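**Q** Compute the structure for the input listed below.
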Amino acid sequence: MLLPELTLMRPQTLAQALEFAAEPGARLIAGGTGLVPNMRLGVEAPRTLVSLERVGELQAIEQRHDGTLRIGSGVTLQRIADDEVLPAALRAAAAAVGAPAHRSAATLGGNLCLDTRCLYYNQSAEWRASNHYCLKRGGEICHVAPKGNVCRAAFSGDVAAAALALDAEVEIARPGGRIDVRALARLYSGDGAQPIALEPGEIVAAIRIPAPAGRSGYAKARRRGAIDFPLAGVAIAVGLHSNRIAHLRVALTGTNSNPFALSGTETLIGAQPAAAGAPLAKLVQKQVKPLRTTIGAADYRRQVAAVLARRLLERLTKGDSS
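**A** Down below sits the predicted model:
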């Protein structure tokens, strides 16, 4: 369980971080709450860690003149949870991560780029060897879907669902100093083995959230009441006009290999909130794809995701966005 020998780089600027990140075998680290446990288990063994904790350019929260919010990837989850300017869904998702000690170290960028999780992956080297490893690391089959050739490990970050529901974009810093802006959904590959769609040397610099409209919230199911990853997590952003749904975005995490925005919600525009809960739950049940990647049964996670979505929509449309 000891950490392997490695070189730790501590850049002071984003330009330096990009330079160091381009080195072969380098991995980025911010709070380390996800990466370090995996290193102790032996599932990750980077030769070089590039710490982003001193890069001030990544640690700002800005509200622009058009109401757009820009949140640096180095902002801690505790800062997000405590900032009343930020949308309720983002604050609730940040507050739902781990314990206070985790949130004070964990960052926005780290949670967005969290590795996928699976019962057959997040284990000691000896345990994994006894099961002939798995498709994600060193093996030839996915133990939860052995007839396929794709890793089905589940994405378990909370904040991504909230950001997707809020229609966020992500800023990607690239070698040479260029910043690309893309829809947040494009950060995720959908492949549990390589879930984050970044090229070597690229860094998530910030997210941009349009001026909030309406209400938003986040809810998750987990085995323990705290310090646990979501068995299923749901974020909703909704606006009403004349007691009918005027806009609705729903996103989910914890069930698939990527966080995703629910499709088909446009069919609920114009519906009264009380009539929208059941069809929303059906949309969720059809699109979530939980498998035996956690200690929670797959069918339970499918059903609980649908129930969370229905209850959260009900709560938000009754005026409670906490």
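**Q** which SS state does the closest residue to residue 211 other than its chain neighbours fall under?
**A** Nearest residue to residue 211, sequence neighbours excluded (Cβ to Cβ, 6 or more residues apart in numbering): residue 67, at 2.8 Å. (C-beta placed from N, C-alpha, C; glycine too.) Here residue 67 is coil, with the state taken from DSSP: H, G, I helix; E, B strand; the rest coil.
**Q** just checking, residue 67 touches residue 213?
**A** No: counting by Cβ atoms under 8 Å, residue 67 does not reach residue 213; the two are 9.2 Å apart.
**Q** Between these two, which has more neighbouring residues?
**A** Neighbour comparison, residue 67 and residue 213: the larger count goes to residue 213, with 15 against 11 (by other Cβ atoms under 10 Å).
**Q** tell me which element that one is part of?
**A** Using DSSP states H and E, residue 213 sits within no helix or strand.
**Q** residue contacts, it?
**A** When contacts are counted by Cβ atoms under 8 Å, 6 or more residues apart in numbering, residue 213 touches 239, 247.
**Q** can you pull the pLDDT of it?
**A** Note for residue 213: predicted pLDDT of 85.
**Q** ditto for residue 321
**A** Reported pLDDT for residue 321: 44.
**Q** What is the neighbour count of residue 174?
**A** Neighbour number of residue 174 under other Cβ under 10 Å is 16.
**Q** now the one 10 residues further on
**A** Under the neighbour criterion other Cβ under 10 Å, residue 184 is assigned a count of 22.
**Q** State the distance from it to residue 54.
**A** Relative to residue 54, residue 184 is positioned 26 Å away (Cβ to Cβ, to the nearest Å).
**Q** How about residue 6?
**A** For residue 6, the distance to residue 54 - Cβ to Cβ - is 18 Å.
**Q** so residue 168 sits right up against residue 182, yeah?
**A** No: between residue 168 and residue 182 there is no contact under Cβ under 8 Å: 10.5 Å.
**Q** got the buried residues for stretch 241-254?
**A** 245, 247, 248, 249, 250, 251, 252, 253, 254 (16 or more other Cβ atoms under 10 Å).
**Q** and residue 50, that's in a strand?
**A** Yes: under three-state DSSP, residue 50 falls within a strand.
**Q** Would you mind confirming that it is in contact with residue 30?
**A** No: the pair residue 50 and residue 30 does not pass the contact test of Cβ under 8 Å, sitting 9.8 Å apart.
**Q** what sits against residue 219?
**A** 92, 233, 234, 308, 311, 312.
**Q** at 10 Å instead, please
**A** 89, 92-93, 96, 161, 230, 232-236, 304-305, 307-309, 311-312, 315 (Cβ atoms under 10 Å, 6 or more residues apart in numbering).
**Q** buried subset of those residues?
**A** Judged by 16+ other Cβ under 10 Å, buried ones among the contacts of residue 219: 89, 92-93, 96, 161, 230, 232-236, 304-305, 307-309, 312, 315.
**Q** Which of those fall in helices?
**A** 89, 92, 93, 161, 304, 305, 307, 308, 309, 312, 315 (DSSP state H).
**Q** now, among these, which is nearest to residue 13?
**A** residue 93 (29.2 Å; Cβ to Cβ).
**Q** my read is residue 8 is in a helix, agree?
**A** No: using three-state DSSP, the secondary structure at residue 8 is strand, not a helix.
**Q** how near is it to residue 23?
**A** 13 Å.
**Q** Find residues that contact each of these two.
**A** Joint contacts of residue 8 and residue 23 (Cβ under 10 Å, 6+ apart) are 48, 50.
**Q** which of those two has more neighbours?
**A** residue 23 (14 against 9).
**Q** can you pull the contacts of the more buried one?
**A** Applying Cβ under 10 Å, 6+ apart, the residues near residue 23 are 7, 9, 47, 48, 50, 200, 201.
**Q** what do you get for residue 201?
**A** 17-23, 26, 28, 173-176.
**Q** Understood, closing this out.
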